[in-house]
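Chemist: would you be able to build a 3D model of this:
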Amino acid sequence: MVNPPMNVARLAAVDAMQAARLLSEVRDATLAGQRARIAPRPVIEQSWGRMLRSGVDPDRDFRSGLLSCDEVRRRREESPLRHVLPVLRQGLLSVADAAQHIMVVADADGRVLWREGASPVLRKADGLGFELGADWREDVVGTNGVGTAAVVRRPVQVFASEHFVRSHTSWTCTGAPITDPRDGRLIGVVDVSGPLETMHPATLAWVDSVAKLAEARLRELHRDSLERLRAVAAPVLARLAGRALVVDRDGWSAAVSGMPYVRRVALPKSLAPGRRWLPGLGSCAVEPLAGGWLLRVAEEPAGAPARIVLDLARPGRAALTVSGAAGSWSRELSPRHAELLYLLALHRSGRSAAALAEDLFGDPSRRVTVRAEMSRIRRYCGELLQHRPYRFREDAEVEMLLPDDPRDLLPFSTAPAIARGRTAAPGGGRGVR
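Modeler: Residues are numbered from 1 along each chain as shown. Predicted coordinates:
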């Protein structure tokens, strides 16, 4: 009989020290390969499994080198997180300081870029290596509120001995991912941390709500920037004949002329002026414009790219690369799009909306949700994806790159079909066609 997981938040709210002692027993038994009286929570148990497979030493406090002050400054200036710091400070700092916590903001690489809060707790954090420029990825320092939240792409509270590395077990941390609302890309994690006796069961919902406010602020800023670009684009497009559009640096359309409205164009990471092949448009003349690009669509048809690589080898960082005679482009995938494209790569003959809903949610009636997401995917995949049923083009070569261990397949996913894939998927990082 499988022991039920411990309700950490409820027990810690009553007696934090008793909860810490129980978790210490659970951790010791689990890491020794024995059955504990109480099972770890699934998100913690899965993280511990990843740590054991990747070789993180639970008894060694490993610390990678800190970023230099200049590199921290450079990353701050380039990070979209800088725009939402006022939101994070207003929502978290006053309460965190009073509760003897600190607020930590890390980028998508797990590097600590900002750290503020109670001075005594900041000094304790220094002793753990939780400093500016530190690397708090899960596969570097073990299960923690920054790195684990980044991998599973959802809010995570890690209390006491739920931390994988022993030296962190006197700590409690609660992290929530912040994603770019324009494309679902992870841009960082906000975390509230402190000594274990300061743990509160409401912290998880509190940090998650503030992270969502930060994402809402990013959406508002993006709308404002598109409005400014639209004012620049209007007179430019008025002078042109043929099909053309103006997009921002991320491919979002500000204005369109001579063609149906395109909400977004998937741009390559390093776009340069000249003749370029772009997904959904074909061959285009690309010209720089203040705040974006002018794309003039060529009238001649462009051949479809021939090869698709779905890279799922890195936990939490799925990507799609399309290449062919006309050029190539890459795109980091949101968690939901990674799930759907994985399922379509498995089922080359195609899946209906009901079948995909069953795969994702265990509920075939959720077809509307699937259709909405597939519509978003087709905006950047264009003719590479067909529907009725949904499938990759028959003449496209599709390759999947999988993690070394199948249990690390899309660790953020709770989809029934993905869970089955973790027990059956080929591993070794091989390409699966």
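Chemist: quick one: low-confidence ranges for the protein?
Modeler: 1-16, 98-99, 300-306, 324-327, 424-433 (pLDDT under 70).
Chemist: for it, longest helix please?
Modeler: The residue-count maximum for a helix in the chain (DSSP state H) belongs to helix 203-238.
Chemist: in terms of secondary structure, what does it contact?
Modeler: Judged by 3 or more Cβ pairs under 8 Å, 6 or more residues apart in numbering; DSSP states H and E, helix 203-238 is in contact with helix 85-88, strand 156-159, strand 171-179, strand 186-195, strand 244-248, strand 253-257, strand 282-289, strand 292-297. Bear in mind the C-beta positions are built from the backbone N, C-alpha and C, glycine included.
Chemist: need the winner for burial among the ones you listed.
Modeler: strand 156-159 (a mean of 29; mean count of other Cβ atoms under 10 Å).
Chemist: which residues sit against that strand?
Modeler: If you take Cβ atoms under 8 Å, 6 or more residues apart in numbering as the criterion, strand 156-159 is touched by 8-9, 12, 19-20, 23, 43-44, 143-145, 148-149, 172-176, 196, 199, 203-204.
Chemist: list the neighbouring strands of it plus their orientation.
Modeler: In the sheet, strand 156-159 lines up against strand 171-179 (antiparallel) (DSSP bridges).
Chemist: what angle do the partner strand and strand 186-195 make?
Modeler: On the basis of axes from the mean of the first three to the mean of the last three Cα atoms, to 10 degrees, strand 171-179 is oriented at 160 degrees to strand 186-195.
Chemist: you'd agree residue 104 is up against residue 188?
Modeler: No. In this structure residue 104 lies outside contact range of residue 188 using Cβ atoms under 8 Å: 10.2 Å.
Chemist: if we can go back for a sec, and the helices and strands packed on helix 203-238 as CSV, adding distance to residue 403?
Modeler: Listed next are these as CSV, based on distance: least, Cβ to Cβ, whole Å:
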stretch, distance to residue 403
helix 85-88, 32
strand 156-159, 20
strand 171-179, 20
strand 186-195, 17
strand 244-248, 34
strand 253-257, 35
strand 282-289, 34
strand 292-297, 35
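Chemist: mind checking which of these is nearest residue 127?
Modeler: When the helices and strands packed on helix 203-238 are compared by Cβ to Cβ, strand 171-179 sits nearest residue 127, at 10.2 Å.
Chemist: what angle do the closest one and helix 203-238 make?
Modeler: Taking the same axes, to 10 degrees, one finds that strand 171-179 is oriented at 20 degrees with respect to helix 203-238.
Chemist: what is the distance between stretch 137-152 and the centre of its chain?
Modeler: In terms of Cα atoms, centre = their mean, to the nearest Å, the centre of stretch 137-152 is found 12 Å from the chain centre.
Chemist: quick check: end-to-end length of that stretch?
Modeler: One end of stretch 137-152 to the other measures 12 Å (Cα to Cα, to the nearest Å).
Chemist: got it, and stretch 311-328?
Modeler: 15 Å.
Chemist: go on, stretch 307-322?
Modeler: 6 Å.
Chemist: what comes up buried for it?
Modeler: Buried residues in stretch 307-322, defined by neighbour count with 16 or more other Cβ atoms under 10 Å: 308-313, 315-322.
Chemist: number of residues surrounding residue 90?
Modeler: 11 (other Cβ atoms under 10 Å).
Chemist: and it, its phi and psi?
Modeler: Taking degrees, to the nearest 10, you get phi -60, psi -40 for the backbone angles of residue 90.
Chemist: any idea how far residue 103 is from it?
Modeler: 11 Å (Cβ to Cβ, to the nearest Å).
Chemist: tell me, what residue is most central in this protein?
Modeler: Against the mean C-alpha coordinate of the chain, by Cα atoms, centre = their mean, the closest residue is residue 186 at 3.7 Å.
Chemist: hang on, that residue packs against residue 179?
Modeler: Yes. The pair residue 186 / residue 179 is scored as a contact, 5.6 Å apart, by Cβ under 8 Å.
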